[in-house]
Structures are given as structure tokens and as C-alpha cells.
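Asks: Model the structure of this input:
(chains A and B)
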Amino acid sequence: MTTTGKIGSLAELAAHIGDGDSVALGGSFLHRGPFALVRELVRAGRRDLEIVKQSPGYDIDLLCRAGAVRRARAGIVAMEGNFGLAPWYRRAIESGAVELEEHACATLTAGMRASAFGVPFQPIAGVHGSELATLNKWAELPDPYGSGSTVWVIPPIRPDVAVIHVNEITEQGDARVFGTTHWDRIMTRSAKKVLVVAERVVDAAEFSARPELTLVPHFLVTAAAVVPGGAWPGSCSPGYGIDYDAVSDYLTDDEHSLTAHLDRAPETTRSQPA
Amino acid sequence: MSTDWSPFSYLVTNLARFVRPDEVTFSGVNSSFPMLACLLAKQAYEFDFTYLNVAGGVDPEPPYAPLSSSDPVLTHGSRSIFANEDFYDLCARGGMDLCFLGAAQIDGHGRTNVSCIGDWHHPKVRLPGGGGAAVMLPTARRSCTWRTEHSRRVLVEQLDFVTASGGMHGVVTPISVFVHDGERLRLDSWHPDVTLNEVIERTGFAVDTTHARPTEPPTDREAAALLELDPFGAFERDAAVALR
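Replies: Take a look at the predicted model:
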């Protein structure tokens, strides 16, 4: 049995991401995002990141607010819930401070599939008639088997790092989630390395009793941290739901509100395991 | 003529009326109205249909309607999790009968813009972006969208950017329902509290009214189902929809 421990502190986990890295973030909008790690990147003053996610919101907004982002590759960006657009992300794009590669969620997934499948491009249905194709210089190929139809193909998207937030992890780094996996599975197969933030550690025997529930096996995981409540102010089902008041406070437009928000986060208010 | 049909109820109810028996229907992120419409259809209509949502739910029975239309509570009672890659692939291969997709601007062909207001490279407003649209609108059998504002800046002759093509089957606003006939969006019905003229005036593209009629009022079951979904009027307050 592999016994190498993968679990360290949140700061150690964040140290695996460098300035300028391409970082894929798991979850969707306010649900099961690796938000504790995102906040740690802000505390560590990371710069020039490329953020890759089908449906970012709070995470990309916070990173834009902190000036940590150079480029976004995204499908749909909003705070969601009843909070509307992501204001700091919106300003960053409108001012040109952050460059955007706009996708449909499924074309971003196609790019991840290309790298996960080890092929130079990935065909995707639809796209016909969308100006996103010209904007992104995607190619349209004829069916080589002669149906007469054409298909759009998306080039590989290979993030330096994928970070996901999971319900449970073993000491060795096997990770599993309850409920929907969002796009976490393909993300972890497309990135060069995988980092995991987990709600709790469980005994390896619990994983081997139900191996089919494991989303990411340990050998794909570079490092992990355990942060109970780390998906705050979003949800991590079945443990907790969205903290609407905290999101609302975060959206208050003054310098103090960002600091106050970071200080209220569970990773700073609770003691962390060594 | 004046009714007590609120524009909020008008939107949800008319979206629900696009749901058909034995079909596969999907509601996504940022989509409180379609989520309510699908849950309303489950309660108010006699027929069966498969309701998929972006939280991975398959015919869920959530104890309440969540503010976030991607909330995990939308998998409550579901016997499987049909996650993002799965429902997108289903749509891509032609297995999605009815998809609810958001739009900021809609043109008379039923094409949509969810990307930007103004020039894409120097936007006046950066909108959420591509999302489901560019892949789902051309591949779903039918798609429907909604806007809480009926105006010439929403229903436009010319989109600022064509995010998705393929043609919306249905569009619901607080005052009207448009249906695509394979060629263009045509007015299907209008809210009995406004005039036909007002609908035409407030629409940026040419409105064909040939088959239009006042919208049928909500049935008792539709009204009761919506009341059950929004018992304290929280969704209605958040949406703040007005006739004008």
C-alpha cells in the first residue's frame, strides 16, 4: 500500500501554485469551490494567474479584486444566487486589466478533454453560427468519413494546476465528493497536477470499501489540505449551504470589506491541522 | 382590461407551458425562472416528463425552491446524479427536448447575445458569457428563454454579438410570449393587461401578430403550484419584475 502522506497546511498547498500559472478551479458558482485555497492565493499575493473554469463567480471575482489575474478562460461568470454579475471581474474585463478567452461551458470542457485524451483537438457539437468561433480562431473540419457535415474542433486546454474542494480525503490523497462532480473529473484529468482541499480525512478502509465513489485516486494528487468549511461562503453539500449574508458583505464596495471578509473565513477563524 | 396576473407569475407560468409530456427538459445556472417553471409543471400538470437540472438532479423532489438554481437541494430525492458533462453530452447528441437558456439580447431569428453590450473587445457591459448557449441552442430540440424586461434594447433588430445561433423556440417576457415558426419569432400571445400595440412598440424587431391572441389566464392549479413554490414571495421580490 502507498503510504506517502499528501496532507499539509493550506499555505503549503498554495505554494504549489506560482505567479503566472494556469489554474483550473473546481465546483460551480457558489457550490463546492476550492475557495479557501483561492483566498490563500490572495493572502500570498499571487500575480498574473490564468483562471480556467466553466462557471466561475466568487472565486474569479475575488482574484480580480486582489489583482491576481492576468487572463480568464471561462464559460459563464456571475455571482449567481440572487447576486447578479461578478462586479470586480466585470470591471477587470471592461477596463482591459484582465484578458478574456470566452467559451461556452462545453467548449472549455472540450479543450480539457483534448488534453485529457492526449489528442491535439476535440470535436464538439453545436457552435455553428456563434461568433465565439471566429473570436477564438477555432477550426471547422469536414467529417473525414464523408457524411458531408462539418464539426468545430477545440484545441487542448492543459492547466498547470487543477484545484478541487472535496468532502473526504485519505492521508494518501484519494479524494471523493458527494453529490454532483460538476466538471471536477475532467479538470483533474486535464491538468498537469492536482491539488485538493478537503472537508475531512477518513480512514483508507472507508475508501476501499466503496472504491467506485473515489473521484481522484491518490497517484494523481500532488498535495492536499484539510479545511473544514473551506468552500465558504459557498456550499458544500450535504454539510452546509451558501452563506448569503457573507456573500452580501463581500460585495460591499469598500477596501475594508475585503479584509473583513478574508478575516472571517473558516481557515483563519479555526485552527488548522498540522 | 385589468387582471391581477402579476408579471412574475406571467413569466413563470408561460415558461412552464412550454414543457411537454414525456420529454426531457433541462434548467441551468442563473435560471430561477426556468427552475420554478419546471417545478411548477411537475405540480400543476397531469403528464410525466423528465426534469434534469444543472445541480445533477433527475426528477428531484426538493423540499423548497432554492435561491440559487444550481443549489444541491435540487438533487433532493433524485435517484441519480446526472452531472454537467452528462447533460451537455446528452444535449450534443440530440437527447435534450427542451432546454431553458438565458439571454441578454434576442433578435427576430431567435439568436442570442449573452456576451457583451457594445463592442466585444471594448465592452460597455461585460455580460456573463457563452455558458450553455453556443453549444446547447444549436443542438437542443427546442430552447426557450426569458427576459424580465420587454424593451427595444432586449428584443433587438441587431445583436451586439452573436453568442449563439440556432433559434430560440420560445421567448417569454413580462408582457408577451413569442414562438419560433422555423423561420422567425412570431408573437404568440400577450398579457391581457397591455395592448397589442404596446407589445409592438416595445419590440426592436418587426412583430408578426397574425396568430397572436391574449394569453390564457393561469389555471387554479398553476396559481396554486406557484404559491407553494414561492410562499413568502421571496422570488417575486428578488425578481422585481414590472409590466412597464
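
Asks: surely B:Val171 meets B:Ile106?
Replies: Yes. Assessed by C-beta atoms under 8 Å, B:Val171 is found in contact with B:Ile106 at 5.7 Å. Bear in mind the C-beta positions are built from the backbone N, C-alpha and C, glycine included.

Asks: Mutual contacts of these two, please.
Replies: Listed contacts common to B:Val171 and B:Ile106 are B:Thr145, B:Arg147, B:Leu155, B:Leu185; contacts here mean C-beta atoms under 8 Å, 6 or more residues apart in numbering or on different chains.

Asks: Looking at these, state which has the most neighbours.
Replies: Looking at those with neighbours defined as other C-beta atoms under 10 Å in any protein chain shown, the largest count falls to B:Thr145 at 28 neighbours.

Asks: how close does it sit to chain A?
Replies: Taken as C-beta to the nearest C-beta, to the nearest Å, the spacing of B:Thr145 relative to chain A amounts to 14 Å.

Asks: cool, B:His76 as well?
Replies: Distance, B:His76 to chain A, using C-beta to the nearest C-beta: 10 Å.

Asks: Show the contacting residues for that residue.
Replies: Under the criterion of C-beta under 8 Å, 6+ apart, the neighbours of B:His76 are B:Gly57, B:Pro60, B:Glu61, B:Pro62, B:Pro63.

Asks: Would you mind checking those for buried ones?
Replies: B:Gly57, B:Pro60, B:Pro62 (16 or more other C-beta atoms under 10 Å in any protein chain shown).

Asks: element containing A:Gly129, please.
Replies: Taking DSSP states H and E as the criterion, no element holds A:Gly129; it sits outside all helices and strands.

Asks: which residues touch it?
Replies: A:Gly129 makes contacts with B:Arg111, B:Pro138, B:Val162, B:Ala164, B:Ser165, B:Gly166, as judged by C-beta under 8 Å, 6+ apart.

Asks: Contact partners for the fifth one?
Replies: Taking C-beta under 8 Å, 6+ apart as the contact definition, B:Ser165 lies against A:His128, A:Gly129, A:Ser130, B:His109, B:Arg111, B:Leu137, B:Pro138.

Asks: and these as a markdown table, adding distance to B:Glu236 and pLDDT?
Replies: Rendered in a markdown table, the data for the contacts of B:Ser165 read as follows (distance: C-beta to C-beta, whole Å; pLDDT from 0 to 100):
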| residue | distance to B:Glu236 | pLDDT |
| --- | --- | --- |
| A:His128 | 38 | 96 |
| A:Gly129 | 35 | 96 |
| A:Ser130 | 34 | 97 |
| B:His109 | 32 | 97 |
| B:Arg111 | 30 | 97 |
| B:Leu137 | 28 | 97 |
| B:Pro138 | 33 | 96 |
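
Asks: Out of these, which is nearest to A:Met112?
Replies: Within the contacts of B:Ser165, distances to A:Met112 taken as C-beta to C-beta reach their minimum at A:Ser130, with 19.0 Å.

Asks: which one is the closest one nearest to, not counting chain neighbours?
Replies: For A:Ser130, ignoring the flanking residues on the chain, the nearest one in space by C-beta to C-beta, 6 or more residues apart in numbering or on different chains is B:Ala134 at 4.1 Å.

Asks: separation between A:Val202 and chain B?
Replies: From A:Val202 across to chain B, the span is 20 Å (C-beta to the nearest C-beta).

Asks: was I right about that residue contacting A:Thr170?
Replies: Yes. Using C-beta under 8 Å, A:Val202 is in contact with A:Thr170, at 6.6 Å.

Asks: Neighbour count for these two, which is higher?
Replies: The residue with more neighbours, out of A:Val202 and A:Thr170 and counting by other C-beta under 10 Å, is A:Thr170; that gives 26 against 16.

Asks: To what extent is the closest residue to the more buried one other than its chain neighbours buried, counted in neighbours?
Replies: With C-beta to C-beta, 6+ apart as the criterion, A:Thr170 has its nearest non-adjacent residue at 4.6 Å, and that residue is A:Ala204. Using other C-beta under 10 Å, A:Ala204 has 16 other residues around it.

Asks: Model confidence score at A:Ala204, please.
Replies: Looking at A:Ala204, its pLDDT is 97.

Asks: check contacts around it.
Replies: The neighbourhood of A:Ala204, defined by C-beta under 8 Å, 6+ apart, consists of A:Met1, A:Thr170, A:Glu171, A:Gln172, A:Asp174.

Asks: Sort out which residues of stretch A:7-19 are buried, please.
Replies: Residues of stretch A:7-19 classed as buried under the neighbour-count rule (16+ other C-beta under 10 Å) are A:Ile7, A:Gly8, A:Ser9, A:Leu10, A:Leu13, A:Ala14, A:His16, A:Ile17.
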